[in-house]
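> when you get a sec, could you give me coordinates for this:
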Amino acid sequence: MFRRLKISCENLSLVSGLLKKNCRNLLQLEVIEKSNQWLVKRCREMNSAISIPRPFSVRLAKAQDEPHIMHFLREHLYDEEPLLRSLNITKTMAIPCLEAYLNDHLKDGFTMIAVEPDNRIVGISLNQRNCDWEGDKLRERAERVQCDPLRKLFYIWSIVAKEPKLHQKYRTSCIFEIAILATAREAQRRGIGYQLTVQSLRLARDLGFDWARMDCTSEYSSRIAKKVGMDCTWSVPYKHLVDSAKKPVVIPDEPHSHIRVHVIQLRGS
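Numbers count the residues shown, from 1 in each chain. Here you go, the predicted structure:
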C-alpha cells in the first residue's frame, strides 16, 4: 500500500513538473505572440506614416491645361504665397482682375507644369516675357483696381518690376521671367519647384533669351533660385514697404522677410 502511495506521489510530482513546464511554455508563447502583434502593429503604423514619393514629369503647358492651371492656383497659391496671404487675398475673394492678369501670363505659352503619371498637376512655373514697361503696366492696373488688397499687391509688384532697372543694366528690352512658382502643399519637399525652375531656364535658353529673372516674394522660392545658380541682384525688406502713415503694408510670417530679385545670364555676352 505504501509502495503504491509512493508511486502515486512520484507520478503526481512528475505530472506537476510537466504542468509547470507547459505553463511556462504557454506563458512564453503568449509573450511572443503579444510581441509579434505589437511589431506588426508598429510596422503598419510606420508604413502609414512613411509615404513613398510619386514620380512626376515636367512639360510645357498646353491650351487644354489652362482651366486646370487656374484651379491649381486657386487651391495652392492664394493661401500659401506669403505676400498674398499677408494681404488676405484668398481663393474665396471675387478677384477677376487678378485671374485676368494670371491668364495673360498663360497666353505667352511659356508656362511649365509638373504632373504625376495620372496627369494630376502638382506644380506650376508661370513664365512670361518681361519687357521694360512691365512696371508701368502694373502701376496702371493698380490705379484701376477698386479692391484695396489687390491695389496694394499690384503696387508692390510694380515696384519689384521697375526698381531693379534690369533692362537698362543688361541693355535688353525683354527678359524671361519666372513670375510665379507654386507647388501643391501635399507634394512639397520632392524637388518639384527646383525641377520646374531648371526646365524653365532651359526653355528660356532655347527660346533665345539672354537673361532670366525670378522675383521671389517667398524665402523658399529664393532658396530655389540660389540653388539653380541665379544671383540676387536686388532686395527689399518687407518692413520697408510702408504706407503714407509709415506703417508696413504687409507683414508676412517667418521666414519670409524680404522680396528678392534673382537674375541669371543664359547666353554669353
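
> drop to CA atoms for contacts and neighbour counts, all remaining ones
Will do.

> all the helices of the stretch 151-269 of the chain, residue numbers only.
166-170, 192-206, 219-227 (DSSP state H, counting those that start in this stretch).

> what comes into contact with the second one?
It stands for helix 192-206. Under the criterion Cα atoms under 8 Å, 6 or more residues apart in numbering, residues 58, 110-114, 122-125, 127, 176, 178, 181-183, 212, 221, 224-225, 227-228, 266-267 lie in contact with helix 192-206.

> now which of those residues would you call buried?
Burial by neighbour count, 16 or more other Cα atoms under 10 Å: within these this picks out 58, 110-114, 122-125, 127, 176, 178, 181-183, 212, 221, 224-225, 266.

> separation between the most centrally placed residue in the chain and Leu166?
In the chain, the centroid-proximal residue (Cα atoms, centre = their mean) is Thr183; its distance is 3.5 Å. Separation of Thr183 from Leu166 (Cα to Cα, to the nearest Å) stands at 27 Å.

> one more: Glu116?
Taken as Cα to Cα, the span from Glu116 to Leu166 is 36 Å.

> among those two, which residue is more densely surrounded?
Comparing Glu116 with Leu166 by neighbour count (other Cα atoms under 10 Å), the higher total belongs to Leu166, at 22 against 14.

> what residues are up against Lys91?
Lys91 touches 74-75, 78-79, counting by Cα under 8 Å, 6+ apart.

> and it, what element?
Secondary structure assignment for Lys91, by DSSP states H and E: no helix or strand.

> end to end, how far does stretch 247-265 reach?
Terminal-residue distance, stretch 247-265 (Cα to Cα): 37 Å.

> chain center to it: distance?
Centre-to-centre, stretch 247-265 and its host chain are 17 Å apart (Cα atoms, centre = their mean, to the nearest Å).

> give me the number of residues near Ala63?
Neighbours of Ala63 (other Cα under 10 Å): 9.

> so what are the domain limits for this protein?
1-50, 57-265 (automatic domain parsing).

> ok, of these, where does mean pLDDT dip lowest?
Note on the domains of the chain: lowest mean pLDDT is at domain 1-50, with a mean of 52.

> quick one on the thing from earlier: for the helices of the stretch 151-269 of the chain, which one sits closest to Pro237?
Distance to Pro237, taken as Cα to Cα, is lowest for helix 219-227 among these, at 11.6 Å.

> what packs against the closest one?
When contacts are defined as 3 or more Cα pairs under 8 Å, 6 or more residues apart in numbering; DSSP states H and E, helix 219-227 packs onto helix 192-206, strand 258-265.

> can you give me the neighbour number for the closest residue to Pro82 other than its chain neighbours?
In space, and not counting its chain neighbours, Pro82 is closest to Pro252: 5.6 Å by Cα to Cα, 6 or more residues apart in numbering. By other Cα under 10 Å, 20 other residues sit near Pro252.

> how close does Pro252 get to Ile89?
13 Å.

> ok, Asn127 next?
21 Å.

> show me what contacts Trp211?
175-176, 263-267.

> bridge partners for it, pull those for me.
Going by DSSP bridges, Trp211 is paired in beta bridges with Gln265.

> what comes up buried for stretch 84-98?
Applying a neighbour-count criterion of 16+ other Cα under 10 Å, one finds 84-87, 89-90 buried in stretch 84-98.

> and stretch 192-211, which residues are buried?
192-201, 203-205, 209-211.

> ok, those residues vs Arg141, which is closest?
Closest to Arg141, out of all of the buried residues of stretch 192-211 and judged by Cα to Cα, is Trp211, at 25.7 Å.

> picking that back up, what's the farthest-apart pair in the buried residues of stretch 192-211?
Spanning the widest gap among the buried residues of stretch 192-211 are Ile192 and Asp210, at 24.7 Å by Cα to Cα.

> among the buried ones among the contacts of helix 192-206, name the ones in strands.
58, 112-114, 122-125, 127, 176, 178, 181-183, 212 (DSSP state E).

> any idea which of those residues is closest to Cys97?
When those are compared against Cys97 (criterion: Cα to Cα), the nearest one is Asn127, at 18.4 Å.
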